[in-house]
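Q: Test case, fold it:
(chains A and B)
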Protein chains: 2
Amino acid sequence: MRDLTATETYSLAVLSAACLSILVNAWKSNGEPLFSSLAISGLAFVFSYALVLWTGDVFIKRGYKGRDMSKKSPVEIPESMGLVCALVYLLAIINFLPFAFKSHMVEVTSGAGNKDRVLEAQDIENGRFLHRFPLEKLASYGFAYATIASETILGILDDSFDMRWRHKFFIPAFAALPMLGLYFVDFGVTHVVVPLPFRPYLGELLDLGGFYYIYMAAICIFCPNSINMLAGINGIEVAQSIVIALLIVVNDILYLSPEGHPAAESHLFSIYLLLPLIGVSAALLMHNWFPARVFVGDTYCYFAGMVFAVVGILGHFSKTLLLLFIPQIFNFVYSVPQLFHIVPCPRHRLPKFNARTGLLEPSIVTFEEEKPLRPLVGEVMKLLHGLKLMRIKVDDNGRVTESTNFTLLNLWLVWRGPLREDRLAIEVLIMQSTIGLLGLWVRHSLALLLFTVDNR
Amino acid sequence: MRDLTATETYSLAVLSAACLSILVNAWKSNGEPLFSSLAISGLAFVFSYALVLWTGDVFIKRGYKGRDMSKKSPVEIPESMGLVCALVYLLAIINFLPFAFKSHMVEVTSGAGNKDRVLEAQDIENGRFLHRFPLEKLASYGFAYATIASETILGILDDSFDMRWRHKFFIPAFAALPMLGLYFVDFGVTHVVVPLPFRPYLGELLDLGGFYYIYMAAICIFCPNSINMLAGINGIEVAQSIVIALLIVVNDILYLSPEGHPAAESHLFSIYLLLPLIGVSAALLMHNWFPARVFVGDTYCYFAGMVFAVVGILGHFSKTLLLLFIPQIFNFVYSVPQLFHIVPCPRHRLPKFNARTGLLEPSIVTFEEEKPLRPLVGEVMKLLHGLKLMRIKVDDNGRVTESTNFTLLNLWLVWRGPLREDRLAIEVLIMQSTIGLLGLWVRHSLALLLFTVDNR
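A: Numbers count the residues shown, from 1 in each chain, chains lettered A, B, ... in the order given. Prediction:
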């Protein structure tokens, strides 16, 4: 790996200086935590950008490396560099804490008549009197950190030990335990508000009980894995995560009206966790974008996906979160026939690189005559071909001999023809952003019809 | 690695059944969290014992392996198996949470006149009303978990990337950030009680301010590294950790009088974090004891050491904690001349295995004639030799030509002569336990002289 160029060094130094001065200022003036969060995210960008470059060689040396098969002359580049981002992210979250709680610390320790209270010996054992301190918020940060750190550990293990698909799919459920534990012990509400049309039958509130925890665990399994699954071309894992993060931030901002919304705190919490993610991801993307100089590894997908699950669950907007995962949900559902081996699934399903044209084409899975598809499966695939939802080849006997692999990226190439790798990424990202914004619009318009109020 | 024997399977199954029935019972009857903690620690033992056996081959396959050079025919055995313990430990802590807070959850949700309160729609956004819920305790668990998980990540990185000594020494300070952040935001007391003799000059309380955080960071750096340094023979890392954990638990129990002590909660917190550590460590020790079938890796030392730092700091007894680290402190101070290269330091300083006798002897560092010791250093070493604090060889010119390496284990062999590996470990552990108990006795007797009250 190369070192920082002079231009990069200069730009990063200027950005760091700006962020640091914002932080110093915010600390002195008990400023808005939002500005501190932005500044810390800027610093997280700087650290990630430089550290990815500096540690690349160490990763290669230890065997975390791979070749990019969608290039004319594939060289070995570092793999699993998302680990660097995850570590910088965790550091950023911790360093943000004092800024998040500064105003409360001041109020409790020196304001409210306590200013001249003499500290007594027993306080050393019991700490400050913090009756009005938002401890539940502090606990949320602790458990959010615990969950994301656990997911990072499991990401490293996955990247190190090459786990089997059926094992690693459920990994995030373990990492989610700290958060589910917090939810169980502290928050504990397992009721959902019933949409208007169903209220005559179910009442206004429905207690899902234990199923609510299964639902939350499912979200924690789904978010990381679905990002890991919409992968295979340079930059797509990181860029789709940035798009999702930005869409959630847009949704969060809707709750930050000046008159104050009861859920505003939850959505600020979400913003504070997402801005540093955007910071470290943007830095990683600059190294991972076409033509990639590093790979991000499962660690990145797990880490980023778990951040989304955490903000969705602890911010109590997990259903809205799923709206922003529509392309990933489509990709997962579309993949099911191969994931469950109803249709043969090759080891890699990423689009095929055509070295002559330099463009990506849909990758193909062929069905041998000895192991033919079940007739029903073949008929469904012919139907999907007719609906332009895949491309198949049929021999003279009407037998399906090959089809494109069942992934969104291959389907996009079926629709749009061969594309250069970065072009494919950009088009899919535009599609994702459009669907996400539409989803948010529908969610806030339709809520009024299904519930009595839009809880925005 | 072998599989579980029939006897092992049977014993582990019986232990699991006993622990599970305790847990079920505790849940139904809102029983003492202490029993739940014991039962969960028993389960943690079972899981660790089995998982270390089952995952050993995977560790070897991925390159986490080493040869035990203190054996006649060294074979490759898995390295870094402490990672398994750390993961089981984290899982245990999370599963303990509902039991720790069960009584509070009941009180808040169904007691105190709330029993028939109808849940309303806005509760879904705001959660239960938990005015009397001990959120500061919950936050402590979250940040303790976050700190230990971070240290585990850094342990894995250390074991994976072979970091340099001067880099990895400071690693724990980063992992400690979540805890220091919690302390800063929530507890915030940086005053210490001044011992009686100094009160005329310093007053009753002294505010250490920022230095207090440096002191806490130093504890977090010291505990993991000092365990990592008193290493080199089978079982010693794990067994010394178990001894320290038991000694802290003994100290904690002193605060659990029936009439109630203001610090009782902190010491219960400490017990709840230490019992699972003892559980996973005991399981690991059974595989790591002479002759070892697995190595524990830096991951174990970091993880266990950080648990001690966490309970010492969040339980507010960090000075007592240091009393229980006297052998480790001695070993560190004694090592300083080699650590800082005042005296040459070979790559490995573990005792030397004599294949003829099968016993361990002190390992030797020789000083070449081209690079002689500074005269003062030589004289000090002759003095230490006279005090039986090391063994040196002197040539006819009075030049020191060789000495035993500067570690406690080598010094013990200087005193006691060649010993078999397990005998050396047992003797050092007995010495450690004796000093620890003495330290606790002195601490609780002397406290009355130095402070107005023993805060036991």
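Q: State the mean pLDDT of stretch A:227-240.
A: For stretch A:227-240, the mean per-residue pLDDT is 95.
Q: Repeat that for stretch A:96-105.
A: Stretch A:96-105 comes out at a mean pLDDT of 86.
Q: So which bits of it are buried?
A: The neighbour-count check on stretch A:96-105 (16 or more other C-beta atoms under 10 Å in any protein chain shown) flags A:96-97, A:99-102, A:104-105 as buried. Every residue, glycine included, has its C-beta placed from N, CA and C.
Q: what helix or strand is the residue of chain A found nearest chain B on?
A: For chain A and chain B, the shortest gap (C-beta to the nearest C-beta) falls at residue A:142, measuring 2.6 Å. Using DSSP states H and E, the element containing residue A:142 is helix A:135-161.
Q: Going by secondary structure, the residue nearest to residue A:30 when sequence neighbours are not counted is in what exactly?
A: Spatially, and ignoring its direct neighbours in sequence, residue A:30 is nearest to residue A:103 (5.0 Å; C-beta to C-beta, 6 or more residues apart in numbering or on different chains). Per DSSP H and E, residue A:103 falls inside helix A:82-109.
Q: and what of residue A:199?
A: helix A:199-202.
Q: How about the helix or strand immediately after that helix in the chain and chain B, touching?
A: Going down the chain from helix A:199-202, the next helix or strand is strand A:205-207, by DSSP H and E. Yes - for strand A:205-207 and chain B, the contact criterion (C-beta under 8 Å from any C-beta of the partner chain) is met by residue A:205.
Q: what's the burial count for the residue nearest to residue A:95 when sequence neighbours are not counted?
A: In this structure, residue A:95 finds its nearest non-sequential neighbour in residue A:40, 5.9 Å apart by C-beta to C-beta, 6+ apart. Close neighbours of residue A:40, defined as other C-beta atoms under 10 Å in any protein chain shown, add up to 26.
Q: Check the model's average confidence along the helix or strand hosting residue A:40 for me.
A: Assigned by DSSP H and E, residue A:40 belongs to helix A:33-61. The average pLDDT within helix A:33-61 is 94.
Q: buried stuff in that helix?
A: Neighbour-count burial for helix A:33-61 [16+ other C-beta under 10 Å]: A:33-34, A:36-53, A:55-56, A:58-60.
Q: Equivalent analysis for stretch A:280-292, please.
A: For stretch A:280-292, by 16+ other C-beta under 10 Å, it's A:280-290, A:292.
Q: coming back round to it: what's the helix or strand just after the helix holding residue A:40 packed up against?
A: Once the chain leaves helix A:33-61, the next helix or strand it forms, by DSSP H and E, is strand A:65-67. Under the contact criterion of 3 or more C-beta pairs under 8 Å, 6 or more residues apart in numbering or on different chains; DSSP states H and E, strand A:65-67 touches strand A:76-78.
Q: mind listing what the strand it packs on pairs with, with the direction of each?
A: If you go by DSSP bridges, strand A:76-78 pairs up with strand A:65-67 (antiparallel).
Q: residues making contact with the strand it pairs with?
A: Strand A:65-67 is contacted by residues A:59, A:74-79, A:295 when judged by C-beta atoms under 8 Å, 6 or more residues apart in numbering or on different chains.
Q: And that strand, what's buried?
A: Buried residues in strand A:65-67, counted by 16+ other C-beta under 10 Å: A:65-66.
Q: swap in stretch A:416-428?
A: A:418-419, A:421, A:424-425, A:428.
Q: got it, and stretch A:155-169?
A: Within stretch A:155-169, the residues that count as buried by 16+ other C-beta under 10 Å are A:155-161, A:163, A:168-169.
Q: how about it against chain B, any contact?
A: Yes - Stretch A:155-169 comes into contact with chain B (C-beta under 8 Å from any C-beta), by way of A:156-157, A:160-162.
Q: if we can go back for a sec, correct me if wrong: the residue nearest to residue A:95 contacts residue A:23.
A: Yes - in this structure, residue A:40 is within contact of residue A:23 by C-beta atoms under 8 Å, at 7.1 Å.
Q: Show me the shaky parts of chain A.
A: Counting by pLDDT under 70, the ranges of chain A that qualify are A:106-133, A:187, A:448-456.
Q: Return the residues in contact with residue A:369.
A: Counting by C-beta under 8 Å, 6+ apart, residue A:369 has contacts residue A:399.
Q: go again using 10 Å as the cut-off
A: Going by C-beta atoms under 10 Å, 6 or more residues apart in numbering or on different chains, residue A:369 touches A:395, A:397, A:399, A:401.
Q: Now it. Its backbone dihedrals?
A: phi -60, psi -30 (degrees, to the nearest 10).
Q: ok, so what distance separates it from residue B:412?
A: Separation of residue A:369 from residue B:412 (C-beta to C-beta, to the nearest Å) stands at 74 Å.
Q: same deal with residue A:422?
A: Taking C-beta to C-beta, one finds residue A:422 at 64 Å from residue B:412.
Q: can you check residue A:352 too?
A: Counting by C-beta to C-beta - residue A:352 and residue B:412 are separated by 65 Å.
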